[in-house]
Every structure is written in structure tokens, then in C-alpha cells.
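Peer 1: My questions concern the predicted model and sequence given below.
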Number of protein chains: 2
Amino acid sequence: MKNVSELMDFRPGIKVVDATLRDGGLVNDFFFPEGFAKALYEANVKAGVDYMEFGYKADKEMFDLSKYGPSKFCDEDYIRSVVGDNDTALKIAVMADVGRCNYKNDIIENKDSAVDLIRVACYLNQIPAAIDMIEDAHKKGYETSCNIMAISTAQENDIKTALEFIGKSPVDVIYIVDSYGSIYPEAMARIVDVYKEVADKYGKKLGIHAHDNQKLAFANTIECVGDGVDYLDATYLSMGRGAGNCAMELLLGLLHNPKYNLYPVFDFIEKNMLPMREKGVVWGYDLQYLMTGLFNQHPRAAIQFTKEKRTDITDFYTEMMGLD
Amino acid sequence: MKNVSELMDFRPGIKVVDATLRDGGLVNDFFFPEGFAKALYEANVKAGVDYMEFGYKADKEMFDLSKYGPSKFCDEDYIRSVVGDNDTALKIAVMADVGRCNYKNDIIENKDSAVDLIRVACYLNQIPAAIDMIEDAHKKGYETSCNIMAISTAQENDIKTALEFIGKSPVDVIYIVDSYGSIYPEAMARIVDVYKEVADKYGKKLGIHAHDNQKLAFANTIECVGDGVDYLDATYLSMGRGAGNCAMELLLGLLHNPKYNLYPVFDFIEKNMLPMREKGVVWGYDLQYLMTGLFNQHPRAAIQFTKEKRTDITDFYTEMMGLD
């Protein structure tokens, strides 16, 4: 149990990372309304958010430019069109997926870029490639994080081995990622223990990226805050793949650093997100996502169920139970 | 931190209490569709739920019979029309509010009643009246619980004093009630400590009734399970006042006692609740409830906001901030 004083106080090292454009972009193929990214940037600055993730650095040879909005590729011009010289305390992040990013070409020197942090996302079997990307970004002058996905289906020993490799890399932040929203807070506390041992050994920071399949994204983030995790991902109105993420509006309500402000968050949501949702962009906790979370599965079947506007949840449950 | 073995195993003493008709009835003035209560009863039996709360024993001199559905009053005839002789393992509960229940007349001898458990709900300043009701119900042969509401606005010393009085009463279960959905899991752990000391001293069981204003109803219930709380309130699809409650479908997914089954829960929701919600019955987590939870306030202003279909959440936030 955490101390009362820790709850009342705040750790200055805590960093809030807005992932709305990136994880939210998985819902609408990154086609956000005109002016959305700019308004979000301004809201983040006013709210005291520490990092804003603009999207992916996706390889244009692999992905059709016409099929995605600009946050899928995060060209410098696009980011600059929103942030200008970014003369603010808000840092800019992008995600680079192992195997889906031509990083040697597409990630330029940091001194010429609007981006501060490169977040390298990988699966457990892609660690050497991830480390190559981390080293490349580090040499170019970026802050870096490593986000190992889908750890809830991995063996603890494999995770430990991977963490040792990553610990020896120049990465700054190692992320705990609950891709399937299947982890309960008590299990999360044990996972933090595993990550923290390596982080302390190699002088790394830890981060948490949670999903809301069992309405536990915020609770798991709270658990992590109490356990010493510093980088906290959140999205406005929980916008993100499937059940979505830890809500920015919940997270800033929890944190006590006086630099954080809730009003700009609600203002942005009211003006930019409620109208978008009204027009039919769908995400968030629902029964089908509960099921994939409970069964520790990728949400793709639930996303399909949602797209088809199916309501036969018992049939879906039976389908889930029948999967080998 | 709890032990892994405790998470994998189960405590046979855990009791799941379905509060859908009671807390959910606050959303629709207890006017559920024809056949709803019967289908819910059958789902609860199949799902292995331990108690089903049918509603309130409200005083008919205080409340107009024509303005509420039958679960507001829970006449024996009404309950019998659903459960017959209730030849099942599912026990029946009703709630009796201090000051709003003519308990001496309206609660008959247990041997003549379909009800097993009387849940006495009170505020901290109503303890003597609550104890009188508990003694009355106990003498008539019922199991009893005491549900002290709105403890998040009370002083810990006052709570301790109240618990001492209740501990000396014949009550079986003392409930922790997070009426405003304002309690974080770490604070919940400390509250359980306070309640558990008294419960252990007097040989009482503990219960948890959570609200979802900050999407923490399930997380707080998980916290309580780990801390030794046995009676767990839940509602199907979280149906309950304002932001609603801990979801039955999430809770049964967590518990490992093989007597619990999820399928009948999803089946009931698909056939009886999704159509009801489609017709415009509104409840569940939303920004206005987040705000009353965050500010530790009764949700009535947020319920009003919802009823009026307002979308000016920043104005509502300002109104909340301006309250003295």
C-alpha cells in the first residue's frame, strides 16, 4: 500500500504523454478533422501535458499515402504546420514500429527535426531490431523509449531477457504496454517489479501504456504511478484502438503537480471530440472488448464485431471461447 | 501487494450481490420492461450469483405508487411473482432506507417472506435509527447488512465511532459505500483497514458498493477483494445511478470460483438490456460524472445535466468549481 503523503504530494519526474493522435488514429486511419491536431496541441500546452505523440513514422513504401491521414507518416512539414518552432515546454514524440519504419532515411537528425522523442514499438521477438532503431535515434540526438507490446502473452523469463538487452542500450524510457487490456492492477504491480529491477540497474525511466478493455486503464496507470513509473500515456476521451486508453481527463484529475490543468482538456473535448464522435467515429469500452481482454487476445476480432455493428454478443462470446 | 496464489485461487466466502433492480431502478424510476425481473432472476441463478437485490422497501405513505415501478416497494406478492418459492441457491435482498421505510409494518417475519437479506442504508448521522432497523430485521429472522453512504465526505473519526456502534449490533455485513465514485484504490485500501479492524473485532463480514464516476468501480472492487472484503455488489452492464456501478460481467470474469458463469450474464444483457438502452434509458460513465466524482460531490447535478442533454461540459465544470 502506498503512503498517503505520496498521494497528496507529487513527483516532479512524472511525465504525461498525450497519445491521442497516434493511438486514436488507429480508429479513423488518422483522418482527423481539419484543425484537430492544432487545437489538440494548444490544449496540451495549456493543460501542462509533457509530451504530445503526433503519430507514426510509417514507411511510405509499405503504406499507401492516400489511405491514411498525415499522422500515419509524421512528415516534418506536417508537424511544423502544427507546432511551428514549438516554443513551448511541450515536447513532441512519434512512434516508430519495428519493421514498418524506414528509420535510417525517414528519421532525420534531431537538430533539424520538430520531434524530441522517438518511441520504438516492438514485439518480444524483435528486440535486436528495436535496439538498432534506438541506437540510430540516440545517435541522431533524440530521446528514446522502447515499448514492448503484448507482454501479457509472454513468458516472464523472456521479458526479463529482453529487458536486459534493452537496459544495455542507450534507451531513456522502457514502457510497460498492456496491449490487450488484460492485466489486473495486482498483476501490474508485479510486472512493474520486474521492469523496475532492470530500470534501476541501468538507470532507465519506466512508462505505462494501458488499454481499457476491462475498464482498468486508469486503475492500472494509478497502480504504476504508485509503484514509481514516471511516463504516463493517456488519450483525450480515451480515444484509442478498440476499448481505448487511460483517459487524459481522469489522469490529470489524479495528478497533483500544479502545472496540470483540466479545463483546457474539457474545452478541447467539447469543441473537437464530441462533434467527431457524434459523426460516427467509434471507440471505447464495450462488451466485445471486455471479452478479448478477459481472454488475453488481440482486439482485432472485437474491432471487426464493432465495425459490422453486430449485437449478438453471446455468439461472439462463444466464438472467443472456441478459439484455439 | 496480494499474493499470486490468492489471485489464482478463490475464497469460498465471497458473495456476489446483483443490485441491478435496485441501483438500476434509480435510473428509470423502477419501470423495467415486462419480464425483465424474471429474466434477471433466471440469469442470476444460472450465473451463480449469490444474492439478488429486488429494490427498496419504500414507505407508501411517502412515495406515490403510481410514480414508480414495483421494485420501489418490493411487496411480497411482487417478489413471489418472480421467484415463486425460490427453490434455488440465490438469496433475495431488499434495501430499506433509514427514514424512508415503515419497517415495523412493511417488513414481515422472515419465515413468511421471500426475502433473505435486509440491507439498511443510512447516512452517518442516522446510525441509531439504522441500528433500530437492523435489530428489528434481525429479530424477524433476516440476515442484515448496514450500508453507510457518502463516507468520502465524512471524518475518519466519525466513521470509526459509527462502526463501533454498528459492530455491537446484530448486523451480519458492514458495507463500504463509495456513493460519489470519488475514492481511488489506494485510499480504498486504507478505508478497508478501518472497517476491517471493527469487522474482525465483532465478527462481521464486509461488503463493497462502488460507483463508476472515475471508471474505478471495478478496480476498487478488485482492491477490496484482495483486502478481504467478501460481499461484492455489481450490476449488469453497470446499470445504476449516474455513472453506474461495478459491472457484473467484469466482476464474474475476475472471480475464480467455478460456480460463477459469464454466459448467462451476456445472454441477459443482449436480450434484455441492450434493447432497453436502445430505447433511451441512460446511465454510465461520462464526463459530468467524472467531475462530480473528482470533486467528491453527490451526482445529482450531473444527473440533471444528463437529463437536459446538455453538452456544454466546460460550463458544467465551471459550475462545479464554483460550488461552495
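Peer 2: Arrived safely. Fair warning: this is a prediction, and the values are worked out from it, not measured in the lab. Numbering: from 1, shown residues only, chains lettered A, B, ... in the order given.
Peer 1: Which residue is the nearest non-sequential neighbour of the residue in the stretch 101-250 of chain A positioned nearest to chain B?
Peer 2: Distances between the stretch 101-250 of chain A and chain B by CB to the nearest CB are smallest at residue A:219, namely 3.2 Å. Bear in mind the C-beta positions are built from the backbone N, C-alpha and C, glycine included. In space, and not counting its chain neighbours, residue A:219 is closest to residue B:219: 3.2 Å by CB to CB, 6 or more residues apart in numbering or on different chains.
Peer 1: Tell me who's in contact with the one you found.
Peer 2: If a contact means CB atoms under 8 Å, 6 or more residues apart in numbering or on different chains, then residue B:219 has A:185, A:215-216, A:218-219, A:222, B:185 as its contacts.
Peer 1: Could you pick out the residues of the stretch 201-324 of chain A near chain B for me?
Peer 2: Within the stretch 201-324 of chain A, the residues that sit near chain B (CB under 8 Å from any CB of the partner chain) are A:212, A:214-219, A:222-223, A:226, A:247, A:249-250, A:253-254, A:262-263, A:266-267, A:269-270, A:274, A:287, A:290, A:294, A:311-314, A:317.
Peer 1: From those residues, list the buried ones, please.
Peer 2: Neighbour counting with 16 or more other CB atoms under 10 Å in any protein chain shown marks A:212, A:214-219, A:222-223, A:226, A:247, A:249-250, A:253-254, A:262, A:266-267, A:269-270, A:287, A:290, A:294, A:313-314, A:317 as buried within these.
Peer 1: Burial check on the closest residue in space to residue A:26 that isn't next to it in sequence, number of neighbours?
Peer 2: In space, and not counting its chain neighbours, residue A:26 is closest to residue A:241: 4.2 Å by CB to CB, 6+ apart. Residues within reach of residue A:241, counting by other CB atoms under 10 Å in any protein chain shown, total 22.
Peer 1: Check the gap between residue A:219 and residue A:240 for me.
Peer 2: Separation of residue A:219 from residue A:240 (CB to CB, to the nearest Å): 16 Å.
Peer 1: OK, contacts around the residue nearest to residue A:8 when sequence neighbours are not counted?
Peer 2: In this structure, residue A:8 finds its nearest non-sequential neighbour in residue A:256, 6.8 Å apart by CB to CB, 6+ apart. The contact partners of residue A:256, taken as CB under 8 Å, 6+ apart, are A:8-10.
Peer 1: ok so, going back, how is the residue of the stretch 101-250 of chain A closest to chain B assigned, secondary-structure-wise?
Peer 2: Classification of residue A:219 by DSSP: H, G, I helix; E, B strand; the rest coil places it in helix.
Peer 1: okay, it: pLDDT?
Peer 2: For residue A:219, the pLDDT comes out at 98.
Peer 1: Residue A:192: what's it in contact with?
Peer 2: Counting by CB under 8 Å, 6+ apart, residue A:192 touches A:176, A:206, A:223-224, A:227-229.
Peer 1: For it, give its distance to residue A:223.
Peer 2: For residue A:192, the distance to residue A:223 - CB to CB - is 8 Å.
Peer 1: Which parts of the stretch 51-200 of chain A are strands?
Peer 2: A:51-56, A:91-97, A:117-122, A:143-148, A:173-177 (DSSP state E, counting those that start in this stretch).
Peer 1: quick one: average confidence on stretch A:31-46?
Peer 2: Average pLDDT, stretch A:31-46: 98.
Peer 1: err, stretch A:70-83, not the other one
Peer 2: 98.
Peer 1: What of stretch A:152-161?
Peer 2: Mean pLDDT, stretch A:152-161: 94.
Peer 1: Span of that stretch from start to end?
Peer 2: End-to-end distance for stretch A:152-161, by CA to CA, to the nearest Å: 15 Å.
Peer 1: Any buried residues in that stretch, and which?
Peer 2: Quick answer for stretch A:152-161 (16+ other CB under 10 Å): A:152, A:159.
Peer 1: got the domain boundaries for chain A?
Peer 2: Using automatic domain parsing, the domain parsing of chain A gives A:4-278, A:287-322.
Peer 1: Pull out the buried positions in the last one.
Peer 2: Buried residues in domain A:287-322, counting neighbours by 16+ other CB under 10 Å, are found at A:287-295, A:297, A:299, A:301-303, A:305-306, A:313-314, A:316-317, A:320.
Peer 1: Please narrow these to those residing in helices.
Peer 2: Per DSSP state H, helices hold the following members of the buried residues of domain A:287-322: A:287-294, A:301-303, A:305-306, A:313-314, A:316-317, A:320.
Peer 1: isn't residue A:167 right up against residue A:196?
Peer 2: No. Assessed by CB atoms under 8 Å, residue A:167 is found out of contact with residue A:196, at 11.4 Å.
Peer 1: Give the rounded mean pLDDT of the longest helix along chain A.
Peer 2: When chain A is parsed with DSSP H, its longest helix is helix A:185-202. The average pLDDT for helix A:185-202 rounds to 97.
Peer 1: Show me the strands in the stretch 201-324 of chain A, by range?
Peer 2: Ranges of strands in the stretch 201-324 of chain A, per DSSP E, counting those that start in this stretch, are A:205-209, A:231-234.
Peer 1: who's in contact with residue A:236?
Peer 2: Neighbouring residues of residue A:236 by CB under 8 Å, 6+ apart: A:18, A:20, A:24, A:40, A:43, A:247-249, A:265, A:268-269, A:273.
Peer 1: And the pLDDT at residue A:8?
Peer 2: As predicted, residue A:8 sits at a pLDDT of 70.
Peer 1: so how many other residues sit close to it?
Peer 2: That count, for residue A:8 with other CB under 10 Å as the rule, works out to 8.
Peer 1: just to revisit the earlier point, for the contacts of residue A:192, which one is nearest residue A:70?
Peer 2: Proximity of the contacts of residue A:192 to residue A:70 was ranked by CB to CB; the top entry is residue A:176 with 29.0 Å.
Peer 1: and the residue nearest to the closest one when sequence neighbours are not counted, bridged to which residues?
Peer 2: Leaving aside its sequence neighbours, residue A:176 sits nearest to residue A:208 (CB to CB, 6+ apart; 5.1 Å). Counting by DSSP bridges, residue A:208 forms beta bridges with residue A:176, residue A:232.
Peer 1: Poorly predicted segments of chain A, please.
Peer 2: Applying pLDDT under 70 to chain A flags the ranges A:1-7, A:323-324.
Peer 1: re earlier: can you turn the buried subset of the contacts of residue A:192 into a selection I can paste into PyMOL?
Peer 2: The buried subset of the contacts of residue A:192, as determined by 16+ other CB under 10 Å, is captured in PyMOL by this line:
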select buried, chain A and resi 176+206+223+224+227+228+229
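Peer 1: so of the contacts of residue A:192, which ones are in helices?
Peer 2: A:223-224.
Peer 1: Closest one to residue B:172 out of the contacts of residue A:236, please.
Peer 2: For the contacts of residue A:236, the nearest to residue B:172 is residue A:247 (37.9 Å; CB to CB).
Peer 1: you'd agree that closest one is up against residue A:235?
Peer 2: Yes. Because the distance of 7.1 Å satisfies CB under 8 Å, residue A:247 is recorded as touching residue A:235.
Peer 1: returning to what we had before: output the contacts of residue A:236 as JSON lines; include the columns distance to residue B:94.
Peer 2: Shown next, in JSON lines, are the contacts of residue A:236 (distance: CB to CB, whole Å):
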{"residue": "A:18", "distance to residue B:94": "47"}
{"residue": "A:20", "distance to residue B:94": "45"}
{"residue": "A:24", "distance to residue B:94": "45"}
{"residue": "A:40", "distance to residue B:94": "49"}
{"residue": "A:43", "distance to residue B:94": "48"}
{"residue": "A:247", "distance to residue B:94": "36"}
{"residue": "A:248", "distance to residue B:94": "41"}
{"residue": "A:249", "distance to residue B:94": "37"}
{"residue": "A:265", "distance to residue B:94": "42"}
{"residue": "A:268", "distance to residue B:94": "45"}
{"residue": "A:269", "distance to residue B:94": "40"}
{"residue": "A:273", "distance to residue B:94": "42"}
